[in-house]
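Novice: one predicted model, sequence on top.
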Amino acid sequence: MSSSDLGRALCIITGASRGFGRAVAVQLSRLVKPGSVLVLTARSGDDLRALQEELSGSEAGKAGLKAVCVVTDLGQKEGPESIVKAAVEASSEEIEHIILINNAGSLGDVSRFTKDFTTMADVDSYLSFNFSSCLCLTAGILQKFPKRPGLKRTVVNVSSLCALQPFSSWVLYCSGKAARHMMFKVLAQEEPDLRVLNYSPGPLDTAMQEVARSVTGDSGLRKAFSDMFSEGKLLTCEESCAKMMKLLLEDKYTSGDQIDVYDRT
């Protein structure tokens, strides 16, 4: 491994079928050595297989990159288990870098305010997908790929400014991101050999942002998102992803820290 590549890697990317996760898969494929494996996971099988086909036909694919699809719902118990199983099956003794990108997530119902959430099932469902599955998947991967000489392990949490600041009518999203943020800070403290990055990709031009500017309950926040879009202030997934790849390649960040796309590093 050097500052120009991420080594012969086993990369697990959740939410890989579109948006930021898809950009991560494409850019990672260009930075890993031949013999690397990308485990692509999402709920949308058609989109995943289209990405798999694209990667297989790329220069990296022709040079020996393997892409594996796992169509699963992380909100269900078997979701994390199926991903861990696929990662173990796809791995080999030649792998020198495990990279887990916890990208999958949902906005939740942003049309309602905190006082409107009286049904526990709604909250439990959101947290199962956005928090519990993330913790269980990360734990499962770390157990199956324990610390050993010659193996580097990197875990990325795709975070948000919402992990640190309250956004009115976004109680589920902010709470989920805050919980994940602290989860990975604890992990970094517990596992000193692990490289843990909380990365906030910024305001992206995605389907999630379209929902945000359409149905956000807080009118001021909804207008702010609409203005970002109309004024061309949204970032492309590729732009933000490039910053994250730079952080991973340089590997100078303090493990557990949150770094925003706009931070100077």
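Specialist: Right, received. Where do you want to start?
Novice: give the buried residues for the lowest-mean-pLDDT helix or strand in the chain.
Specialist: Scoring the helices and strands of the chain by mean pLDDT, DSSP states H and E places helix 59-62 at the bottom, with a mean of 79. Residues of helix 59-62 classed as buried: 60-61 (neighbour count, 16 or more other C-beta atoms under 10 Å). C-beta here means a position set from N, CA and C on the backbone, and glycine is covered the same way.
Novice: can I get it as CSV, trimmed to CA atoms?
Specialist: Extracted as CSV, the C-alpha positions of helix 59-62 are listed here (Å, rounded to 0.1, in the frame of the first residue of the first chain):
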residue,chain,number,x,y,z
GLU,A,59,-9.9,-1.3,-16.7
ALA,A,60,-9.9,-2.5,-13.0
GLY,A,61,-12.3,-5.3,-13.9
LYS,A,62,-10.1,-6.4,-16.8
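Novice: now residue 152: how far from residue 34?
Specialist: Taking C-beta to C-beta, to the nearest Å as the measure, residue 152 falls 18 Å from residue 34.
Novice: for residue 220, same thing?
Specialist: Distance from residue 220 to residue 34, by C-beta to C-beta: 51 Å.
Novice: ditto for residue 159
Specialist: With C-beta to C-beta as the criterion, residue 159 and residue 34 are 31 Å apart.
Novice: which of those two has more neighbours?
Specialist: The neighbour comparison of residue 159 against residue 34 (other C-beta atoms under 10 Å) goes to residue 159, with 23 against 11.
Novice: so for that one, what's the pLDDT?
Specialist: Residue 159 carries a pLDDT value of 98.
Novice: how about residues contacting stretch 15-22?
Specialist: 13-14, 24-25, 40-44, 47-48, 51, 101, 103-105, 158, 201, 204, 206-208, 237, 240-241 (C-beta atoms under 8 Å, 6 or more residues apart in numbering).
Novice: next one: that stretch to chain centre, how far?
Specialist: 8 Å (C-alpha atoms, centre = their mean, to the nearest Å).
Novice: re the thing from before, let's see which of the contacts of stretch 15-22 end up in helices.
Specialist: 24-25, 47-48, 51, 207-208, 237, 240-241 (DSSP state H).
Novice: what's the neighbour count on the residue nearest to residue 60 when sequence neighbours are not counted?
Specialist: Distance criterion C-beta to C-beta, 6 or more residues apart in numbering; nearest residue to residue 60, sequence neighbours excluded, is residue 29 at 4.4 Å. As a burial measure, residue 29 scores 22 neighbours (other C-beta under 10 Å).
Novice: isn't residue 29 right up against residue 51?
Specialist: No - using C-beta atoms under 8 Å as the test, residue 29 is too far from residue 51 to be in contact (9.8 Å).
Novice: quick one: common contacting residues for those two?
Specialist: Joint contacts of residue 29 and residue 51 (C-beta under 8 Å, 6+ apart) are residue 67.
Novice: can you name the residues that contact residue 198?
Specialist: Here residue 198 is in contact with 156-157, 159, 163, 180-181, 184-185, 256-259 (criterion: C-beta under 8 Å, 6+ apart).
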